[in-house]
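Engineer: predicted model and sequence below, questions to follow.
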Amino acid sequence: MSKAAVLGAGSWGTAFAKVLADAGTDVTLWARRSEIAEAVVTRHENPDYLPGIVLPPTLSATDDHEEALAGADIVVLAVPSQSLRGNLERWAGAIGPDATLLSLAKGIESVTLLRMSEVVSQVASVDPSRVAVLSGPNLAREIALGQPAATVVACADEARALAVQKACATSYFRPYTNTDVIGCEIGGACKNVIALACGMASGIGLGENTIASLITRGLAEIIRLGVALGGNAATLAGLAGVGDLVATCTSPLSRNRSFGERLGLGGSLESAQAATNGQIAEGVKSCTSVRALAAANGVEMPLTDAVHRVCHEGMSVHDAVGMLLGRRIKPE
Ligand SMILES: NC(=O)C1=CN([C@@H]2O[C@H](COP(=O)(O)OP(=O)(O)OC[C@H]3O[C@@H](n4cnc5c(N)ncnc54)[C@H](O)[C@@H]3O)[C@@H](O)[C@H]2O)C=CC1
Ligand SMILES: O=C(CO)COP(=O)(O)O
């Protein structure tokens, strides 16, 4: 039986730890704050991130990362993208020599423009074949409620992907394996940016035709970037691409979509940030890094560019819509 450590007790870290426990895997959740670890152990609840969800009594938790990592052969990294490097620097020394490192984060690192699996192999000094990613339409609260969903576990080393798949397969959570790490990570990071755009459109009162057009053209630019970086277009037509894009762009549970909606309703970046209650809308930072990554690879991503301009250059949502519709007309 696998032993897993889940490092990060936000909504997805906690929900995924529940999935692992429900799959029969021996799992310990690491929380930064001792009161969260204590609530998980004594009350079987994470009141800050998944209030009202009953966690399995078999799920243990601690605020000591060395305790969580002892003997773990699957190390799940469940902190936000921009904090992964700093945290992993502290954890790396306690990770076992043959453990698989599984990233749940959906973002591109600012400045370095690295994908999360690249950050992991660089910081932990492990071969890329030891790094896996999990990505798909997996809104944390729905998974924690046991609503059926599927996902993708991608790793260059298929045997490791299979081991992770086995460790997290339950009656409600269906993981598929893939060797296309790049495609999965690009899908996960970029869909957050398109969800911001959909939220903005909804916030200014636009309807379903607009949302469908944003999702579809968003997918086109995500595929362009993924393929330019060496990913597979078929991955982006799957759960880690279209699947996650649709879930995030249409669900009121999405932090990114909700964040965009607040901007569309006229809120400032600061007020939208304050309304997330400590949760992270990854697309707000990743729109800038994805845009830079696209530019460095000669890929056009007009929607991502527009989201960056609204979030970071003071452009209004109305002006962004005008800018997009003013583009040269061309074949699909
Ligand atoms: N929530 C969801 O539905 C899903 C989230 N994800 C991804 O999973 C990753 C983790 O997100 P969530 O679990 O949703 O987190 P969250 O947004 O619910 O909360 C953030 C968590 O990270 C911790 N944290 C924040 N800054 C930190 C720092 N500097 N150092 C250490 N810990 C820090 C917080 O204490 C909290 O535990 C993100 O990349 C997100 O995009 C992926 C799939 C689903
Ligand atoms: O990644 C997610 C669903 O798959 C969660 O999206 P948000 O971060 O926008 O809530």
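Structural biologist: Alright, I've got the coordinates. Ligands and ions are numbered 1, 2, ... in the order given.

Engineer: can you give me the strands in the stretch 1-150 of the chain?
Structural biologist: With DSSP state E, counting those that start in this stretch as the criterion, the stretch 1-150 of the chain has strands at 3-7, 26-30, 60-62, 74-77, 100-103, 131-135, 149-155.

Engineer: nearest to Leu225, of those strands?
Structural biologist: strand 131-135 (15.1 Å; Cβ to Cβ). Glycine gets a C-beta too; all of them are placed from N, C-alpha and C.

Engineer: chain center to the closest one, what's the gap?
Structural biologist: Relative to its chain's centre, strand 131-135 lies at 10 Å (Cα atoms, centre = their mean, to the nearest Å).

Engineer: name the residues that touch stretch 145-165?
Structural biologist: Applying Cβ atoms under 8 Å, 6 or more residues apart in numbering, the contact partners of stretch 145-165 are 2, 53, 73-74, 100, 102, 128-138, 142-143, 168, 172-181, 183-185, 235, 238-240, 243.

Engineer: returning to what we had before: so which of the strands of the stretch 1-150 of the chain comes closest to ligand 2?
Structural biologist: In terms of Cβ to the nearest ligand atom, the element of the strands of the stretch 1-150 of the chain nearest to ligand 2 is strand 131-135, at 7.5 Å.

Engineer: centre-most residue in the chain?
Structural biologist: The residue lying closest to the centre of the chain (Cα atoms, centre = their mean) is Lys106, at 2.9 Å.

Engineer: restrict the contacts of stretch 145-165 to those near ligand 1?
Structural biologist: Asn138 (Cβ under 6 Å from any ligand atom).

Engineer: beyond the lengthiest helix in the chain, next helix or strand please.
Structural biologist: Scanning the chain for the longest helix, with DSSP state H as the assignment, gives helix 181-203. Later in the chain than helix 181-203, the nearest helix or strand by DSSP states H and E is helix 208-228.

Engineer: can you point out the buried residues in that following helix?
Structural biologist: Using 16 or more other Cβ atoms under 10 Å as the test for burial, helix 208-228 gives 210-211, 214-215, 217-219, 221-227.

Engineer: tell me which residue in the stretch 1-150 of the chain sits closest to ligand 1.
Structural biologist: Closest point on the stretch 1-150 of the chain to ligand 1, by Cβ to the nearest ligand atom, is Gly10, at 2.5 Å.

Engineer: list phi and psi for the closest residue to that residue other than its chain neighbours.
Structural biologist: Leaving aside its sequence neighbours, Gly10 sits nearest to Tyr49 (Cβ to Cβ, 6 or more residues apart in numbering; 5.3 Å). Here is the backbone geometry of Tyr49 (degrees, to the nearest 10): phi -110, psi -30.

Engineer: burial of the residue nearest to Leu69 when sequence neighbours are not counted, as a residue count?
Structural biologist: Closest residue in space to Leu69, ignoring its immediate chain neighbours: Ala94 at 4.4 Å, by Cβ to Cβ, 6+ apart. By the criterion of other Cβ atoms under 10 Å, Ala94 has 16 neighbours.

Engineer: quick one, what contacts Ala94?
Structural biologist: His65, Glu66, Leu69, Ala70.

Engineer: repeat that for Met323.
Structural biologist: Counted by Cβ under 8 Å, 6+ apart, Met323 has contacts Ala306, Arg309, Met315.

Engineer: helix, strand, or coil at it?
Structural biologist: Put simply, Met323 is helix when judged by DSSP: H, G, I helix; E, B strand; the rest coil.

Engineer: look up how far Phe173 lies from it.
Structural biologist: Distance, Met323 to Phe173, by Cβ to Cβ, to the nearest Å: 40 Å.

Engineer: check Val181 too.
Structural biologist: Noted for Val181: a distance of 20 Å to Phe173, by Cβ to Cβ.

Engineer: buried set for the worst-scoring helix or strand of the chain on mean pLDDT?
Structural biologist: Least confident helix or strand, the chain: helix 269-274 with a mean of 92, by mean pLDDT, DSSP states H and E. The neighbour-count check on helix 269-274 (16+ other Cβ under 10 Å) flags Ala272 as buried.

Engineer: how far does that helix sit from the chain's center?
Structural biologist: 20 Å.

Engineer: right, and Gly260 touches Ala197 too?
Structural biologist: Yes - Gly260 lies in contact with Ala197 (Cβ atoms under 8 Å); the separation is 6.4 Å.

Engineer: need the overlap of contacts for the two.
Structural biologist: Residues touching both Gly260 and Ala197 (Cβ under 8 Å, 6+ apart): Val307.

Engineer: just to revisit the earlier point, looking at Val181 and Phe173, which has the bigger crowd around it?
Structural biologist: In this view Val181 and Phe173 are compared by other Cβ under 10 Å, and Val181 has more residues nearby, 26 against 23.
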